[in-house]
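Enquirer: sharing a sequence plus its predicted fold:
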Amino acid sequence: MARLLDFVFFVYFLTHIPISLLVDFQALLPSEYYPQQLIDLKTWYCREYRDSMMASPPSWFKSLIICEVIQFPFFFFGVYGFFKGAKQCRWLRWPCVVYGVHVATTLVPIIGYVLLEDFSKATLPSPRNMTERLTLLGFYSPYLVIPILIALDALFSSAYTDYRAASNQKPRDKKIK
């Protein structure tokens, strides 16, 4: 891990694994699959930070969690690749672009919902004012910002480009007939 971004991305993927398994996937799986302490943790979070999406997930939100289930195996590749460093794992480049763009895209409806939904008649704990909306967005924002950074880094960083191999190639001579 030579670059600061490698470390940031490594920590992101490493922490995303338990968060997905222990909290996020509760939106899809029956509560019987989880110990009471994890159910209580999710309940506390939903009440404290007024996250109605996790408290009683609507279908559109569940579909985004299904996307996370599909992304989940990549988290392990991300942990490995960024632990070794992008320069050592250039194969990570295009999967990171796809991952980063996909995750950032899934955050668009969440951000829109939190900022634009009328929660005035909500029966579940939901944001009551802009401060609570922004606090809730604070929990989701790392899953927008870091994937965008991952995609941009993979697209534009020289860490993924092997300049040594390119510089050893001689220009081809044109054959004249």
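Expert: Noted; the coordinates are in hand.
Enquirer: shaky segments in this structure?
Expert: 1, 162-177 (pLDDT under 70).
Enquirer: break down it into its helices, ranges please.
Expert: Assigned by DSSP state H, the helices in the chain fall at 4-22, 36-48, 52-55, 59-84, 93-116, 130-140, 142-156, 163-167.
Enquirer: tell me the most buried of those?
Expert: When the helices of the chain are scored by mean count of other C-beta atoms under 10 Å, the highest mean neighbour count falls to helix 52-55 (a mean of 20). For glycine as for every other residue, the C-beta is placed from the backbone atoms N, C-alpha and C.
Enquirer: got a list of contacts for that one?
Expert: 23, 26-27, 42-43, 45-47, 61, 110, 113, 119, 122, 124-126 (C-beta atoms under 8 Å, 6 or more residues apart in numbering).
Enquirer: how about 7 Å then?
Expert: For helix 52-55, contacts defined as C-beta atoms under 7 Å, 6 or more residues apart in numbering pick out A27, K42, Y45, C46, F61, A122, L124, P125, S126.
Enquirer: give me the nearest residue to the first one, chain neighbours excluded.
Expert: Meaning A27. Once flanking residues are discounted, A27 sits nearest to P57: 4.2 Å by C-beta to C-beta, 6 or more residues apart in numbering.
Enquirer: the fourth one too?
Expert: Here the nearest residue to C46 in space, its sequence neighbours aside, is A55; by C-beta to C-beta, 6+ apart that works out to 3.9 Å.
Enquirer: now do stretch 73-81: distance to the chain's middle.
Expert: Centroid displacement of stretch 73-81 relative to its chain, using C-alpha atoms, centre = their mean, to the nearest Å, is 12 Å.
Enquirer: from I19, how far off is P142?
Expert: For P142, the distance to I19 (C-beta to C-beta, to the nearest Å) stands at 10 Å.
Enquirer: tell me who's in contact with the residue nearest to the spatial centre of the chain.
Expert: Geometric centre of the chain, nearest residue: Y143, 4.2 Å, by C-alpha atoms, centre = their mean. Y143 makes contacts with V103, L107, as judged by C-beta under 7 Å, 6+ apart.
Enquirer: go again with 10 Å.
Expert: Counting by C-beta atoms under 10 Å, 6 or more residues apart in numbering, Y143 touches Y12, H16, I19, D24, E68, V103, A104, T106, L107, I110.
Enquirer: thought the residue nearest to A27 was touching L28?
Expert: Yes - in this structure, P57 is within contact of L28 by C-beta atoms under 10 Å, at 7.8 Å.
Enquirer: OK, contacts around P95?
Expert: So P95 contacts F74, F77, G78, G81, I150, A154 (C-beta under 10 Å, 6+ apart).
Enquirer: over to K62?
Expert: K62 neighbours (C-beta under 10 Å, 6+ apart): A27, L28, M53.
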